[in-house]
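Novice: structure for this input, please:
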Amino acid sequence: MDGYDFRIQVSPLDCTGCGNCADVCPAPKKALLMKPFEEEVEKEKDNWEYAHEEVGYKEDVMDPTTLKGSQFKQPLLEFSGACAGCGETPYAKLVTQLFGDRMYIANATGCSSIWGASSPATPYTTNSCGQGPAWGNSLFEDAAEYGYGMKLAADSNKLLLETYMNEFNELGSDSELSEAFKAWLDGKEDVKASKEATAKILNLEDKAKSVSDEKAKDLLHKIYALKDYMIKKSVWIFGGDGWSYDIGFGGVDHVLASGENINILIFDTEVYSNTGGQSSKATPLSAVAQFAASGKKVRKKDLGLMMTSYGYVYVAQVAMGANQNQTIKAMKEAESYDGPSLIICYAPCINHGIRIGMGKSQFREKQAVDAGYWHLWRFDPRLAEDGKNPFQLDSREPKESFQEFIQGEVRYSSLKRSFPETADQLYQEAEKAAKDRYETYKRLAGK
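Specialist: The predicted structure follows:
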C-alpha cells in the first residue's frame, strides 16, 4: 500500500506465549518468531506503547469485511485471561473486529465468561471513539433468554426514538433537525445509514439546546437521552457447548425459534471445560471425559442440523484454523441476516490433551477438518427464497486418517490404556459416526 509500512507489534507483557500466531503466519519467511520473554520485554514494551498510543490502527486502508481488511481493525477483545492457545478467544476477537463498536454480548457462564470478565478487569475494550461491546453475564442456564431481553430492550428504545422523532418532525420547529431525524428514520435498519444519520444528529446537539418551543424541547431532551440506541445494534449470545447443547438448550431453541434478529455463537470444546472436563452432549463417541471414563457410548448431538429444521434460522459450522475465509464469511452472513443465526465454532481446549501442544491449536483445527472429524458448512435461508439450495457444504472429502487424528489427543488415546478391550470398537464407531454425518451433509448439499 502506497504511503504505508506494515508492522505487527506485540505487547510483550500481555502475550501468553502460545506461539499460534507464529505457527500460522502465512509469509514464506515468517513475519513472527518466538523468542524468550527475557530477551524481548525491555526492547519491545516501549515499542508497544508507541504503536498503541501514537501510531494507532488504520481501519480504512481496505475493506474491513474481508479476511485481510478485518485484521487492520482494532480488536475490541484484548489480553484475556484464557489459557495459552485457547481455541475460543480467536473467534470472539474476530467478531469484535467486525461488529464490536455496536455489539451487545450476553455471555453464558463458563470459560468464556471467566476469561471475558475476571473481576475487576475485562478484556473487552473500546475504540478511540469510546465505542465497544456492551457485555453482560447472568447465569449458566439463561444466557439465551438474557440476550433475548437485551434485544427486546434495544428494540423498545429504538421504537421510542422513532416515536419522538416523528412527533418532533410534525411540529415543524426546526428544518435542519427534522432533516437529520428523517435520515435516521429512513435508514435505522441499515448499519452505515444509521451511523451517518446518528453522526449528523449528534453534531446538532448544541443547536437542539437553543430550540425555544417547550414541546419540541421536551422531545429533543428525550431523543438525546436515547442517543446510545441510534446506531443499529448487533446482538450476540456467547457460550460453550455445556450451556448450548445441554443446560441452556431450551433457551437456545426458544430464542432461535422466536425469529428475532439475534446471533448465537457457540465455542464448541466438546466438553464442560470450565467445570473440570465433564461429558456434554457435544462430546463425541469414544472420547474420555468425567462421567464418560470408559469412553462416550453415544454419538454427538448435531445441534446445527437440528436448528436448520426451522428453515428460517441461519446456521454455520466453522473452524478458523481450517478455513479462515469460511469463518469470516459465516460471521458476516449471520450478522447481516434479518433473523436468528447460530454459529458453532470448533475450539481446541487444554482438556483435550493435544499431544503437539496448545501452541498448535489453530493447526489442530485444520487437522480436524482434513481428517473428517469436523465439518464446515453453512445454511442460509435467503438462498431458499431465491430458489437455491440453502445448504452449502464447505468441507472437502476427508484426506487424512481419522484414527491418527484422534490418537493425537489424550482424551481419546487414554481409552486404549484404560479399557483396551473396548477401545478399538469405540474408535471404529466414532469414525463411522463422523462419516455418516458427512454423508448426510453431502446429501443435503446435493453432492
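Novice: just the strands in the stretch 101-250 of the chain please.
Specialist: Using DSSP state E, counting those that start in this stretch, the strands of the stretch 101-250 of the chain run over 103-107, 134-137, 234-240.
Novice: how far off centre is the first one?
Specialist: Spelled out, it's strand 103-107. Strand 103-107 sits 10 Å away from the centroid of its parent chain (Cα atoms, centre = their mean, to the nearest Å).
Novice: do you know the pLDDT at the nearest residue to residue 173 once chain neighbours are set aside?
Specialist: Spatial nearest neighbour of residue 173, excluding adjacent residues (Cβ to Cβ, 6 or more residues apart in numbering): residue 216 at 4.2 Å. Bear in mind the C-beta positions are built from the backbone N, C-alpha and C, glycine included. You'll see residue 216 listed with a pLDDT of 95.
Novice: what about residue 216, neighbour count?
Specialist: 18 (other Cβ atoms under 10 Å).
Novice: tell me how far the ends of stretch 374-383 are from each other?
Specialist: 24 Å (Cα to Cα, to the nearest Å).
Novice: what sits up against it?
Specialist: Outside stretch 374-383, the residues within contact range by Cβ atoms under 8 Å, 6 or more residues apart in numbering are 304, 308, 311-319, 322-323, 326, 329-330, 333, 337, 339, 346, 365, 368-369, 389-395, 437-438, 441, 445.
Novice: tell me the buried residues in that stretch?
Specialist: Neighbour-count burial for stretch 374-383, counted by 16 or more other Cβ atoms under 10 Å, picks out 374, 375, 376, 377, 378, 379, 380, 381.
Novice: retrieve the pLDDT associated with the first one.
Specialist: Spelled out, it's residue 374. Residue 374 is given a pLDDT of 98.
Novice: who's in contact with the residue nearest to residue 173?
Specialist: Contact analysis of residue 216 by Cβ under 8 Å, 6+ apart lists 168, 171, 173, 174.
Novice: now do 10 Å
Specialist: Shown in contact with residue 216 (Cβ atoms under 10 Å, 6 or more residues apart in numbering): 167, 168, 171, 172, 173, 174, 177, 208.
Novice: so which of those residues sit within helices?
Specialist: Among the contacts of residue 216, the members falling in helices (DSSP state H) are 167, 168, 171, 177, 208.
Novice: list buried residues within those residues.
Specialist: Taking 16+ other Cβ under 10 Å as the criterion, what is buried in the ones in helices among the contacts of residue 216 is 168, 177, 208.
Novice: give me the lowest-pLDDT entry from these.
Specialist: Within those, lowest confidence goes to residue 208 (92).
Novice: can you measure across stretch 364-376, start residue to end residue?
Specialist: This stretch, stretch 364-376, spans 15 Å end to end (Cα to Cα).
Novice: run the chain-centre distance for it.
Specialist: From the chain centre to the centre of stretch 364-376 is a distance of 19 Å (Cα atoms, centre = their mean).
Novice: ok so, going back, can I get the ones in helices among the contacts of residue 216 in TSV including distance to residue 149?
Specialist: TSV is the format used below for those (distance: Cβ to Cβ, whole Å):
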residue	distance to residue 149
167	27
168	29
171	34
177	32
208	31
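Novice: quick one, phi/psi of the closest residue to residue 30 other than its chain neighbours?
Specialist: Residue nearest to residue 30 in three dimensions, not counting chain neighbours: residue 22, with 6.3 Å by Cβ to Cβ, 6+ apart. For residue 22, the backbone dihedrals (degrees, to the nearest 10) come out as phi -70, psi -40.
Novice: from residue 58, how far out is residue 22?
Specialist: 23 Å (Cβ to Cβ, to the nearest Å).
Novice: please apply the same query to residue 115.
Specialist: For residue 115, the distance to residue 58 equals 28 Å [Cβ to Cβ].
Novice: okay, these two: which has more neighbours?
Specialist: residue 115 (21 against 13).
Novice: for that one, which non-adjacent residue is spatially closest?
Specialist: Going by Cβ to Cβ, 6+ apart, residue 115 has residue 82 as its nearest residue, at 3.8 Å.
Novice: hmm, residue 23 and residue 32 touching each other?
Specialist: Yes: counting by Cβ atoms under 10 Å, residue 32 does reach residue 23; the two are 8.9 Å apart.
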